[in-house]
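Enquirer: need the 3D shape of this:
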Amino acid sequence: MGSPAGAAVNVEQLRACKRELFDYINSRGCNPIMVRLAWHDSGTYNKEIAEWPARGGANASIRFKPEIDHGANSGLSVALTLLEPIKKKYPDVSYADLIQMASAVAIEAAGGPQIPLRYGRRDATGPEQCSPEGNLPGAAHPFPDGSPSPAAHLRAVFGRMGLTDRDIVALSGAHTLGRARPDRSGFGKEQTRYTAVGPGPSTASPRCAHSAKPRGFFGFSGCAAASGPPLRPVTPRPTGQTGQSWTVNWLEFDNSFFREVQKAKRDAELLVLPTDACLFEDEGFRPYAEQYAADQAAFFADYSESHRRLSELGVEWVAGGPVSI
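Expert: Numbers count the residues shown, from 1 in each chain. Here you go, the predicted structure:
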């Protein structure tokens with residue numbers, strides 16, 4: 001089915017794009033950087049500013065200089081380059097939709113929950129519409145906003161976006177994916193045994209509604225028949241990688257970030273930033289962190305909703321939007 005009559009949203013291209021992204025992202029093991037790209041695009045949002053695109057948010061302004069060159073966005077040009085062939089194949093999918101879609105697909109393809117995104121985001125059109133530097137969260141003192149503690153900093157940044165303590169803790173759980181690289185963020189070790197040998201065997205099997213027929217180089221588009229066991233492509237286990245991961249299986253989306261932070265002292269090879277540790281130290285954050293460490297289903301449910309909210313911050317919908325696919 002195509003776009004509704006008179007709409008500027010091409011539903012057919014959105015659906016095809018999502019199907020292709022599943023294998024495209026998973027086969028490259030680029031799930032973490034796709035999540036980071038989307039978050040850094042949407043995380044500039046300021047709820048106190050009414051005008052679009054001055055209010056920031058998920059408008060794809062991150063693809064322009066000077067925003068892509070902001071310190072917090074170091075390395076994200078790689079993600080934009082990876083998405084460019086997909087954008088050329090599906091030209092009616094806006095950059096803003098593509099960036100957010102890739103993030104949600106990356107989570108699901110890594111074994112995480114389905115995220116019910118809506119589409120029809122309007123794109124920023126030039127460098128003059130970029131967000132100012134300094135809106136994204138830092139990881140340790142000194143914080144760019146002068147906050148006295150990691151918890152205060154997280155609340156200041158995410159509060160500016162209109163997000164809650166629950167959102168902050170749930171979204172922090174996405175650190176189950178990926179690595180911190182000193183050359184990009186200034187944090188983490190140059191390499192650990194987990195990055196040197198790869199993130200370990202895949203155990204994730206996300207639910208999805210894709211075709212049950214084999215497709216793509218790695219065999220499946222992401223699921224078997226609706227009544228059968230779910231399958232997913234075999235993500236490569238990249239070896240010889242740099243950086244330090246928060247978790248052992250850093251291409252698997254589960255609740256291990258909370259379990260590892262809760263028991264951080266047991267393994268010095270795993271990363272715990274001040275803004276991670278405060279999730280168990282702060283009285284407002286701790287109940288959610290402890291719940292997610294003990295109950296992965298609860299984490300997945302809250303994470304899915306918080307990720308969806310983040311993906312719509314500051315959005316200006318085009319004609320016919322928003323739509324679900």
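Enquirer: what residue is smack in the middle of this structure?
Expert: Val35 (2.3 Å; CA atoms, centre = their mean).
Enquirer: number of residues surrounding the residue nearest to that one when sequence neighbours are not counted?
Expert: Spatial nearest neighbour of Val35, chain neighbours left out: Ser103 (4.9 Å); criterion: CB to CB, 6 or more residues apart in numbering. Just so you know, the C-beta spots here come from the backbone N, C-alpha and C atoms, and that holds for glycine as well. Counted with other CB atoms under 10 Å, the neighbours of Ser103 add up to 29.
Enquirer: repeat that for Glu20.
Expert: There are 18 residues near Glu20, going by other CB under 10 Å.
Enquirer: in the protein, what secondary structure element scores lowest on mean pLDDT?
Expert: helix 193-197 (a mean of 85; mean pLDDT, DSSP states H and E).
Enquirer: any chance you could list what contacts that one?
Expert: Applying CB atoms under 8 Å, 6 or more residues apart in numbering, the external contacts of helix 193-197 come out as 179, 200, 239-245, 248, 250, 269-270.
Enquirer: please flag which of these sit within strands.
Expert: 179, 244-245 (DSSP state E).
Enquirer: tell me the contacts of Arg103?
Expert: Residue 103: Ser, not Arg. With contacts defined as CB under 8 Å, 6+ apart, Ser103 is in contact with 34-35, 37-39, 307, 311.
Enquirer: what about stretch 50-57, start to end distance?
Expert: Using CA to CA, to the nearest Å, the span of stretch 50-57 from its first residue to its last is 12 Å.
Enquirer: swap in stretch 68-79?
Expert: Per CA to CA, stretch 68-79 runs 11 Å from first to last residue.
Enquirer: what mean pLDDT does that stretch get?
Expert: Per-residue pLDDT over stretch 68-79 has a mean of 95.
Enquirer: pull out the buried residues from that stretch.
Expert: For stretch 68-79, burial by neighbour count (16 or more other CB atoms under 10 Å) applies to 68, 70, 72-73, 76, 79.
Enquirer: for these, give me a markdown table that also has distance to Glu133 and secondary structure.
Expert: Shown next, in a markdown table, are the buried residues of stretch 68-79 (distance: CB to CB, whole Å; DSSP: H, G, I helix; E, B strand; the rest coil):
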| residue | distance to Glu133 | secondary structure |
| --- | --- | --- |
| Ile68 | 11 | helix |
| His70 | 5 | coil |
| Ala72 | 8 | helix |
| Asn73 | 9 | helix |
| Leu76 | 14 | coil |
| Ala79 | 19 | helix |
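Enquirer: turn these into CSV, including distance to Ile86.
Expert: Shown next, in CSV, are the buried residues of stretch 68-79 (distance: CB to CB, whole Å):
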residue, distance to Ile86
Ile68, 18
His70, 24
Ala72, 24
Asn73, 20
Leu76, 16
Ala79, 11
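Enquirer: whatever helix or strand the residue nearest to Val35 lives in: what's the following helix or strand?
Expert: Using DSSP states H and E, Ser103 falls within helix 95-109. On the C-terminal side of helix 95-109, the closest following helix or strand by DSSP H and E is helix 150-160.
Enquirer: okay, angle between the helix or strand that that following helix is followed by and helix 150-160 too, please.
Expert: The C-terminal neighbour of helix 150-160 among helices and strands, as given by DSSP H and E, is helix 165-172. Angle, helix 165-172 to helix 150-160, by axes from the mean of the first three to the mean of the last three CA atoms, to 10 degrees: 100 degrees.
Enquirer: who are the packing partners of helix 165-172?
Expert: Here helix 165-172 touches helix 150-160, helix 274-281, helix 286-294, helix 296-311, going by 3 or more CB pairs under 8 Å, 6 or more residues apart in numbering; DSSP states H and E.
Enquirer: return the alpha-carbon coordinates of the helix holding Ser103 using CSV.
Expert: Taking Å, rounded to 0.1, in the frame of the first residue of the first chain, the C-alpha atoms of helix 95-109 are listed here in CSV:
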residue,chain,number,x,y,z
TYR,A,95,16.6,11.7,6.7
ALA,A,96,14.9,12.3,10.1
ASP,A,97,12.7,9.3,9.7
LEU,A,98,15.6,7.2,8.4
ILE,A,99,17.8,8.1,11.3
GLN,A,100,15.2,7.3,13.9
MET,A,101,14.1,4.1,12.1
ALA,A,102,17.6,2.8,11.9
SER,A,103,17.9,3.3,15.7
ALA,A,104,14.7,1.4,16.4
VAL,A,105,15.6,-1.4,14.0
ALA,A,106,19.1,-1.6,15.5
ILE,A,107,17.6,-2.2,19.0
GLU,A,108,15.2,-4.9,17.7
ALA,A,109,17.9,-6.6,15.5
